[in-house]
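S.K.: For reference, the sequence and a predicted model appear below.
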Amino acid sequence: MGEKGWRPSIFTCESSQYINSTFTTMLRNHFKIAWRNLVRGKTYSIINVLGLAVGIACCLIILLYIGKELSYDSFHKNGNRIYRISLTLKNNDEWSTVAWAPGPIGPALKRVIPEVANMAQLSSPGSETIVERKDLKIYEPGFVYASPSLFELFDFPVLSGDAVRSLKAPYNVVLSESMAAKYFSNEDPLGGTLVINNGHPYTVTGVFKDIPDNSHIRFDFVASLESLYASGLERENWSAGGAHTYVLLEEQADQKTFEAKLDEFRDKYMAGPFNIEKGKEPSIALTATRLADIHLYSNVSSELMPQGDITYVYIFSAIAFLILLIACINYINMATARAVTRAREVGIRKVSGARRIELIRQYLSESFLFVTISLFIALIIAELFLPTINNIMHRAMVINWTDPFLFAMFGGLWLAVGLGAGAYPALYLSGFNPVRALKSVERVQSRGVLRKVLITFQLAVSIMLIDARHSKSDRVNTRKQTGIQSGTGDHDSYP
């Protein structure tokens, strides 16, 4: 083509730079106009921003709760291979399951079933234990007895000492970091002694990091299980007491195969202690519950901690969606209610040559600007109210600013609310006929059928949520009055 011919590389580079510059300028102008409209209609803007902010804050707090519930016991690296062994008993043709199993069952399972790579046992905290040192004498609810393998099976970081080896000997105890600071202040706790229940002194042999609140196993003191045997508890007595028993399966082990072997184990090793007659249906069974399923899916008595319920996760997910939907509908109603005042603007801009896609971008820019401001205010509201909500719900929810999932959630909320709230007003306003909009504003005002439907729906959902809240409060008050407690209960366990 010669030297004067077309050179694609230069054309492409210059075109790309021109397009990028034009797009940036257009985007800046859209947000500049959106900001002017926001400042011009102060009352409208305040109502919209606060409505979106409260809705997003409520949704954010509910999502934090859901995330906390779904994260229980997820920090154990071998969690997908850990199962809890529970005892199911038949009484008067009704089956009931407890979260513990007979004490000798743990060592026997490890010895007999090849799929079991390791096992750990711990007692229920039960009643408060008296812990004494010098001038301190305090009732502590988080005192348990456990086998040495507890810190092998679960990922509870040990900060100092050798928790595994020390728990093999009687009258040794390991403390949480906070309990070590409480009883030993600035002293080194290792080698120190604590008097338990006004009896035998226990030697402190280790300190572990405080158990996270998203663990269904929580304790502050772990004494060696050998201490109970040294105090007279029979090691092989199947009826003297129970322990919360966990097993770690081999990597290639199959859960169904393991459960079938539990039935075989029961028939062979538990027939005598529990009077199981051959040829008759056994009145007991052993069940294996996956560690990740214990908090939300386990419905048994004598749990270590009050359990959650996956049903509430679904309910709160629906509530979060409905609250966010109400906030978006409120924005849509406010935006379409201003159609009369915005109609002239649309008409003038269309007569001036503006295309519909440009108007859609403009109104979506306004929507995302409102959502951005609302999101920042929502974060402030959530931070302010989280301590109160944590006290009410007995949770320890925090906004972790270093968590990448948090920023992904913020981005998802920003995009969902921006599009959800801004799409219809953008399509509705940009669809005005310029001539009709300039000549006959009242016709624009009459197009409010969808707005009436949205207002009715918004009111119905609000009433439903309020009614559900009162119904929940009535059920909680009834349970308190009748003394029903879920998730915990007295049982014959190690003291």
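M.R.: Yep, that arrived. Please read these numbers as outputs of a predicted model, since none were measured by experiment.
S.K.: from here on, contacts and neighbour counts on C-alpha atoms
M.R.: OK.
S.K.: for this protein, longest helix please?
M.R.: The residue-count maximum for a helix in the chain (DSSP state H) belongs to helix 356-393.
S.K.: and the direction of the helix or strand following that one versus that of helix 356-393, what angle?
M.R.: Following helix 356-393 in sequence order, the next helix or strand is helix 404-430 (DSSP states H and E). Going by axes from the mean of the first three to the mean of the last three CA atoms, to 10 degrees, helix 404-430 is angled at 140 degrees with respect to helix 356-393.
S.K.: Would you mark the buried spots in helix 404-430?
M.R.: Using 16 or more other CA atoms under 10 Å as the test for burial, helix 404-430 gives 406, 410, 413-414, 416-427, 429-430.
S.K.: three-state assignment of the closest residue in space to His76 that isn't next to it in sequence?
M.R.: Leaving aside its sequence neighbours, His76 sits nearest to Asp155 (CA to CA, 6 or more residues apart in numbering; 5.2 Å). Look at Asp155: counting by DSSP: H, G, I helix; E, B strand; the rest coil, its state is coil.
S.K.: OK, contacts around Asp155?
M.R.: Phe75, His76, Lys77 (CA atoms under 8 Å, 6 or more residues apart in numbering).
S.K.: What are the phi and psi values at the nearest residue to the last one once chain neighbours are set aside?
M.R.: Going back to what we said before, that points to Lys77. In this structure, Lys77 finds its nearest non-sequential neighbour in Asp155, 7.2 Å apart by CA to CA, 6+ apart. Here is the backbone geometry of Asp155 (degrees, to the nearest 10): phi -90, psi 70.
S.K.: From Ala169, how far off is Asp155?
M.R.: Distance from Asp155 to Ala169, counting by CA to CA, to the nearest Å: 21 Å.
S.K.: and if you look at Arg395?
M.R.: Taken as CA to CA, the span from Arg395 to Ala169 is 36 Å.
S.K.: Count residues in the vicinity of Glu69, would you?
M.R.: Glu69 has 20 neighbouring residues, counting by other CA atoms under 10 Å.
S.K.: Surely it and Gly308 touch.
M.R.: Yes. Between Glu69 and Gly308 a contact is recorded at 7.3 Å, counting by CA atoms under 8 Å.
S.K.: ranges for the strands of the stretch 101-250 of the chain?
M.R.: Taking DSSP state E, counting those that start in this stretch as the test, the strands found in the stretch 101-250 of the chain are 101-102, 116-122, 129-133, 136-140, 143-146, 158-161, 172-176, 193-196, 201-208, 221-224, 242-249.
S.K.: Kindly reformat those as TSV containing mean pLDDT and distance to Ser231.
M.R.: Conversion of the strands of the stretch 101-250 of the chain to TSV gives the following (pLDDT from 0 to 100; distance: least, CA to CA, whole Å):
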stretch	mean pLDDT	distance to Ser231
strand 101-102	90	18
strand 116-122	95	16
strand 129-133	93	16
strand 136-140	92	20
strand 143-146	94	13
strand 158-161	94	24
strand 172-176	96	13
strand 193-196	95	13
strand 201-208	95	13
strand 221-224	95	12
strand 242-249	93	16
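S.K.: which one of those strands lies closest to Gly41?
M.R.: Closest approach to Gly41 among the strands of the stretch 101-250 of the chain (CA to CA): strand 172-176, 56.8 Å.
S.K.: Please work out the average pLDDT along stretch 397-413.
M.R.: Mean per-residue pLDDT for stretch 397-413: 83.
S.K.: Show me the contact partners of that stretch.
M.R.: Everything outside stretch 397-413 that qualifies as a contact, by CA under 8 Å, 6+ apart, is Ile56, Leu64, Tyr65, Lys68, Glu383, Leu386, Asn390.
S.K.: picking up where we left off before, from the contacts of Asp155, which is closest to Ser239?
M.R.: For those, the nearest to Ser239 is His76 (31.5 Å; CA to CA).
S.K.: Which parts of the stretch 51-200 of the chain are helices?
M.R.: For the stretch 51-200 of the chain, applying DSSP state H, counting those that start in this stretch gives helices covering 105-112, 150-153, 163-166, 177-184.
S.K.: Compare the ones you listed and say which comes out lowest on pLDDT.
M.R.: helix 163-166 (a mean of 89).
S.K.: residues near the closest residue to Leu465 other than its chain neighbours, how many?
M.R.: For Leu465, ignoring the flanking residues on the chain, the nearest one in space by CA to CA, 6+ apart is Ile319 at 7.7 Å. Neighbours of Ile319 under the rule other CA under 10 Å: 17.
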